[in-house]
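Student: Kindly generate the corresponding structure for this input.
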Amino acid sequence: MPLPAPVQKFIDDVDKTLHQPNKATQVLETLEQKTGVKRLHIVGGIAALHALYLLFGHFAALVCNFIGFLYPAYVSITAIESITKDDDTQWLTYWVVFALFNVLEFFSHSITYYFPFYWLLKCAFLLWLYLPMTLGAHQLYLRCIRPFHQKHHTNIDGALKNAGDRARDAYNEHFKPQ
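Tutor: Next up, the predicted model:
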């Protein structure tokens, strides 16, 4: 039975990426030659083991956050250092969403109690946000964040100004230099 077209396209894209020359694919090529197992299947097996660990492992939160931090941190630094600014929206949006998750995870014991697949789903979502073949953070920005901001930014700016004015007044009232 053939796979749905989007799934097959994803698999083909991953396989194509796994055949591009770099250090990781050289290791995969060696493993493929020594074991006789296709590199796509090796990566699929590793992904399945990670998925199982994110479901049942004791340090699933740590593993998920490492997956969500290491590569994006590296490419964000690379983006800052690049002359072009085309990728800034992608990475600024990614870090806003990543930070939002971390604030929500203050309640992680409650979240994982009601949603035992939370770490796996979060990891899959973060991968969708940052993988070069999806660049989901940019899509999320264009489809959700930008329209919301355009519609509500005046109210948000007013509320932030009001909060800042109140904080300044409270500071001056209690800590005014004498």
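Student: Residues contacting the lowest-mean-pLDDT helix or strand in the chain, please?
Tutor: The least trusted helix or strand in the chain, going by mean pLDDT, DSSP states H and E, turns out to be helix 108-114, with a mean of 80. Residues lying outside helix 108-114 but in contact with it, judged by CB atoms under 8 Å, 6 or more residues apart in numbering, are 61, 104-105, 118-119. In short, each C-beta sits where N, CA and C put it, glycine included.
Student: list the buried ones in whichever helix or strand L62 is part of?
Tutor: Assigned by DSSP states H and E, L62 belongs to helix 60-81. The neighbour-count check on helix 60-81 (16 or more other CB atoms under 10 Å) flags 60-61, 63-65, 67-68, 72, 75-76, 79 as buried.
Student: which one among those residues gets closest to T89?
Tutor: The shortest gap between T89 and any of the buried residues of helix 60-81 belongs to A79, at 10.1 Å (CB to CB).
Student: Kindly report the domain assignment for the protein.
Tutor: The chain breaks down by automatic domain parsing into domains covering 1-56, 58-178.
Student: distance between the ends of the first one?
Tutor: In other words, domain 1-56. Start-to-end span of domain 1-56 (CA to CA, to the nearest Å) is 31 Å.
Student: picking that back up, now do the helix holding L62: which elements does it pack against?
Tutor: Helices and strands touching helix 60-81, as assessed by 3 or more CB pairs under 8 Å, 6 or more residues apart in numbering; DSSP states H and E, comprise helix 39-56, helix 88-104, helix 118-130.
Student: looking at those, which is closest to G164?
Tutor: G164 lies closest to helix 88-104 among the helices and strands packed on helix 60-81, at 20.3 Å (CB to CB).
Student: How about residues contacting the closest one?
Tutor: 65, 68-69, 72, 75-76, 79, 111, 122, 126, 129-130, 135, 137-138, 140-141, 145.
Student: one more time with 6 Å, if that's ok
Tutor: 68, 72, 76, 79, 129-130, 135, 137-138, 141 (CB atoms under 6 Å, 6 or more residues apart in numbering).
Student: what's the lowest-pLDDT member of these?
Tutor: Within these, the minimum per-residue pLDDT falls on L135 (88).
Student: measure the residue most central in space within the chain to Y94 for me?
Tutor: By CA atoms, centre = their mean, the chain has its centre lying nearest to L126, at 2.8 Å. Distance of L126 to Y94, computed by CB to CB, to the nearest Å: 8 Å.
Student: max-length helix in this structure?
Tutor: Ranked by residue count and defined by DSSP state H, the top helix of the chain is helix 146-175.
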